[in-house]
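A.B. asks: sequence-free structure coming up:
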């Protein structure tokens, strides 16, 4: 993910949901120090739903595994929040890579959705940048999650390895400039790969943000791929 500091503007208003009090308070401190406003910090899904309805934040940051079973309560709460509050940015995190979580989370669309591993929270610049992306209607998928998804759903034959690598980095939420730096090519080359894969995937020419979201959805939803390839970006 990009580590570019988001542009200045009104502070993002957040609700945090994490059942471990030490982690929860640590996140509140880190994000507050970076100028974000934490409207509420809670420890269970029911409190999360109530806090969002009461405080109307820009985004939610929530652990996927929360009480009472510590399985997917946070994920199910996120789905309910998307139903109740369209346009709410949702950034979920987990200690584990579970591709099924990503598929469930993105089933109704990738706009305004993020899924990061807990270790990624320690890089506060990346974490804050991810929050801004989901609030702006983009996606923020952890690079390790993307790599696992790629191994599970390898490249469609219509895309070249370079185009598919571009698509994978796009799924992680990187900008064209960040993709160029990651791949060691010019930004113009990235734009060419992006335009070509949009055409190959038959994604209509609407806004650039919408086309990127549709490309990510295609990447995650495609089922008729050949066997895994070795050119997946790490």
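C.D. replies: Received the coordinates, thanks. Computed from a predicted model, the values in this text were never measured in an experiment.
A.B. asks: going forward, measure contacts and count neighbours with C-alpha atoms only.
C.D. replies: Will do.
A.B. asks: now name the helix or strand holding residue 192.
C.D. replies: Taking DSSP states H and E as the criterion, residue 192 maps to helix 187-200.
A.B. asks: can you give me the strands for this structure?
C.D. replies: Counting by DSSP state E, one finds strands in the chain at the ranges 13-17, 37-42, 59-63, 89-94, 113-117, 139-141.
A.B. asks: per-domain residue ranges of this structure.
C.D. replies: Using automatic domain parsing, the domain ranges for the chain come out as 13-145, 153-221.
A.B. asks: mind listing the helices for this structure?
C.D. replies: Assigned by DSSP state H, the helices in the chain fall at 21-33, 45-55, 73-84, 99-105, 124-135, 143-152, 161-171, 176-183, 187-200, 208-221.
A.B. asks: which ones are touching residue 131?
C.D. replies: 59, 89, 91, 114 (C-alpha atoms under 8 Å, 6 or more residues apart in numbering).
A.B. asks: pLDDT check: weakest of these?
C.D. replies: Within these, pLDDT reaches its minimum at residue 114, with 87.
A.B. asks: you'd agree it is up against residue 130?
C.D. replies: Yes: at 7.3 Å, residue 114 counts as touching residue 130 under the criterion of C-alpha atoms under 8 Å.
A.B. asks: who's more crowded, those two?
C.D. replies: A count of neighbours by other C-alpha atoms under 10 Å puts residue 130 above the other of residue 114 and residue 130, at 30 against 27.
A.B. asks: worst average pLDDT in the domains of the chain?
C.D. replies: domain 153-221 (a mean of 78).
A.B. asks: what is the neighbour count of residue 186?
C.D. replies: Residue 186, neighbours per other C-alpha under 10 Å, totals 14.
A.B. asks: how about the closest residue to it other than its chain neighbours, what does it touch?
C.D. replies: Using C-alpha to C-alpha, 6 or more residues apart in numbering and skipping the chain neighbours, the partner closest in space to residue 186 is residue 180 (5.5 Å). Neighbouring residues of residue 180 by C-alpha under 8 Å, 6+ apart: 186-187, 189-190.
A.B. asks: ok, these vs residue 70, which is closest?
C.D. replies: Nearest to residue 70 among these, counting by C-alpha to C-alpha, is residue 190 at 40.7 Å.
A.B. asks: so how far is residue 203 from that closest one?
C.D. replies: 17 Å (C-alpha to C-alpha, to the nearest Å).
A.B. asks: ok, residue 196 - contacts?
C.D. replies: residue 163.
A.B. asks: can you rerun that using 10 Å?
C.D. replies: With contact taken as C-alpha atoms under 10 Å, 6 or more residues apart in numbering, residue 196 is in contact with 159-160, 163, 190, 202.
A.B. asks: what's the most distant pair in the residues you listed?
C.D. replies: Using C-alpha to C-alpha, the contacts of residue 196 span at most 18.1 Å, a distance reached by 190 and 202.
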